[in-house]
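Asker: Give me a model of this one.
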Amino acid sequence: MPEAPAPTPAESIPAKFRRSLSAKLLLLTIFFVLFAEVLLLIPSVAKQRVAWLQARIEAAYLVGLALEAPAAEMIEPEVADQLFATANILGVTVSRGGANIQIFAPDVDEASPPAMHYIDLRSSSIPDRVFDAWGSIFSSGDKMVRVIGVPAFSRDGAVDIIISQKALRRDLYTYTRNILGLSLFISTLTAGLVYGSLNLMIVRPVRALTRDMTAFQGNPEDPRNFVRPSLRTDEIGIAERSLLALELRINDLLSQRRRLAALGAGISKLSHDLRNILASAQLMSDRLAKSEDPRVRKLSPRLIQALDRAIALSRDTLSYARMEPGSLVKSRFCLHALVEEVFEDTASMRVAFVNEAPDTLDILADRNQLYRALFNLVRNAVEAMAPEGGEPAADDARSNRVTISAYASALTVFIEVADTGPGLPEAARARLFEPFQGSLKPGGSGLGVAIAHEILRAHGGGLDLKSSDQHGAVFMLTLPVA
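Answerer: Predicted coordinates:
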């Protein structure tokens, strides 16, 4: 049986670790601290090279002074050779009083002298020192290096020494390795401290928030899944409290939708029986209207009006529940003709109607649904202009007026429905588009504007109250051109 292929480096790391915010934070901290240490290492290697060379200059100068003194007082030549060898110095020449005095000569083959590299510590710039230092690290072989410098305690001369490039490179290697090791230790320690601190202050609270959000997403109606805010006053504490407020709001909305769904289901089941009952009641009311008893004939219009309101309430409630974008059947038609149809069906309301929609304006929409929206708005406008308990009188037809106008831009069709009523009170405007909430008239369901609003939203448009004052109210309907 063939063996399974070995996992790649990426596959060998657990997926959970690679996705963890803590792991990313730890790796990034190590990387950035190492990067900062490397930036510091570049000039520090140049400084170490200069210090190493200057130390050889000082040593060569001191040993030279010892060799020039009387033999009884200073070191023997053999001891000086050992000191030079220990310092990796191959040759020494001291300049004093304008004369060059050779203290120690390198042991080289004069027939084929080795390549020589020249360094002058008296005049080199910082960029040159950095470049030469890293050039020494990446060099090869064992060339001789001639170095000229001034000792710290020399009054009138310089020291010219010859050293081994290999010895200089070996010292720079050791220094770089130590610095990198120390940098790695510091970066790891720093990363661990930063990781522990941020993990305690940020990562764990964020992880707890994530768990709470996931649990709330699974069952938003269970109060046990709500986030439990801490007493923190920073951004994490603000996020916890904001999330709790959002969860409570969503829970309230879900409860409302559940109640509305139960209400819609109940009304749907009772709709058939209710229609039969209302139909029978309407037949009885028609017979009562023909009664010869004047008291019965006086009460029958109020009975018919109450039955009409009950039928309208049932119809509007079901219509609002069934309004969905997927239920639209769009076609292109003339808006002016649709407005005329709405006005014809509301002609008995004893209000003057003005159709200012251009007869050349064709729109793309669901004709039946847009008719319902306009009809509801016109009916609401007429009811707003009616006196308490009835329709506008015939004498008020001239002053009570509903006007529908329209115009179009490149992308949007605008339709205005204006009336000359008293305007909407502040309490009605605050909850205008909420079902069962936007009406303050006795017997009103508050569904007319809510249904129109849902119809326009299903079309990709909107419905807004453009203005409302003592001179009347203006609703603005918007529809996309295409």
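
Asker: So, low pLDDT: which residues of the stretch 151-300 of the chain?
Answerer: 156, 263-292, 295-300 (pLDDT under 70).

Asker: what about the strands in it?
Answerer: Using DSSP state E, counting those that start in this stretch, the strands assigned to the stretch 151-300 of the chain run over residues 159-164.

Asker: what residues are up against Asp293?
Answerer: Applying Cβ atoms under 8 Å, 6 or more residues apart in numbering to Asp293 gives no contacts. Using the backbone N, CA and C atoms, a C-beta is placed for each residue, glycine as well.

Asker: again with Pro106
Answerer: Counting by Cβ under 8 Å, 6+ apart, Pro106 has contacts Leu90, Gly91, Met144, Ile162.

Asker: Filter those residues down to the ones in strands?
Answerer: Leu90, Gly91, Met144, Ile162 (DSSP state E).

Asker: Let me see the contact set for the last one.
Answerer: Applying Cβ under 8 Å, 6+ apart to Ile162 gives the contacts Ile89, Leu90, Gly91, Val92, Pro106, Met116, Met144, Val145, Arg146, Val147.

Asker: again, only this time at 7 Å
Answerer: Leu90, Gly91, Pro106, Met144, Arg146 (Cβ atoms under 7 Å, 6 or more residues apart in numbering).

Asker: The third one: what secondary structure?
Answerer: The one in question is Pro106. coil (DSSP: H, G, I helix; E, B strand; the rest coil).

Asker: how close does it sit to Asp132?
Answerer: From Pro106 over to Asp132 the distance is 21 Å, taken as Cβ to Cβ, to the nearest Å.

Asker: What subset of the contacts of Ile162 is buried?
Answerer: Leu90, Gly91, Pro106, Met144, Arg146 (16 or more other Cβ atoms under 10 Å).

Asker: ok, back up a step: mind picking the two most distant members of the ones in strands among the contacts of Pro106?
Answerer: Gly91 and Met144 (8.3 Å; Cβ to Cβ).

Asker: mind listing the helices for this protein?
Answerer: Secondary structure of the chain (DSSP state H): helices located at 9-12, 15-19, 21-68, 77-86, 126-137, 165-198, 204-218, 235-289, 294-321, 335-345, 367-385, 426-430, 448-458.

Asker: For those, give me a markdown table that also has distance to Val474 and mean neighbour count.
Answerer: Output for the helices of the chain, formatted as a markdown table (distance: least, Cβ to Cβ, whole Å; neighbours: other Cβ atoms under 10 Å):
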| stretch | distance to Val474 | mean neighbour count |
| --- | --- | --- |
| helix 9-12 | 63 | 8 |
| helix 15-19 | 55 | 10 |
| helix 21-68 | 53 | 17 |
| helix 77-86 | 102 | 14 |
| helix 126-137 | 76 | 15 |
| helix 165-198 | 56 | 15 |
| helix 204-218 | 42 | 14 |
| helix 235-289 | 30 | 13 |
| helix 294-321 | 23 | 15 |
| helix 335-345 | 16 | 18 |
| helix 367-385 | 10 | 21 |
| helix 426-430 | 13 | 13 |
| helix 448-458 | 13 | 23 |
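
Asker: Could I get the phi/psi values of the residue nearest to Ala406 when sequence neighbours are not counted?
Answerer: Once flanking residues are discounted, Ala406 sits nearest to Ala357: 4.2 Å by Cβ to Cβ, 6 or more residues apart in numbering. Ala357 adopts backbone torsions of phi -70, psi 130, taken as degrees, to the nearest 10.

Asker: what sits against Ala357?
Answerer: Leu335, His336, Val339, Ile404, Ser405, Ala406.

Asker: any idea how far Phe353 is from Gly421?
Answerer: Taking Cβ to Cβ, one finds Gly421 at 14 Å from Phe353.

Asker: OK, contacts around the residue nearest in space to the middle of the chain?
Answerer: Centroid check for the chain by Cα atoms, centre = their mean gives Ala239 as the closest residue, at 13.9 Å. The contact partners of Ala239, taken as Cβ under 7 Å, 6+ apart, are Leu209.

Asker: And the one 5 residues further on, by the same measure?
Answerer: Going by Cβ under 7 Å, 6+ apart, Leu244 touches Phe226, Val227, Pro229.

Asker: and the gap between the closest residue to the first one other than its chain neighbours and Glu434?
Answerer: Same thing as Phe226. Leaving aside its sequence neighbours, Phe226 sits nearest to Glu247 (Cβ to Cβ, 6+ apart; 5.2 Å). Computed as Cβ to Cβ, the Glu247 to Glu434 distance reads 22 Å.

Asker: now swap in Phe475 and tell me
Answerer: The value you get for Phe475 to Glu434, if Cβ to Cβ is used, is 16 Å.

Asker: okay, those two: which has more neighbours?
Answerer: Phe475 (26 against 14; other Cβ atoms under 10 Å).
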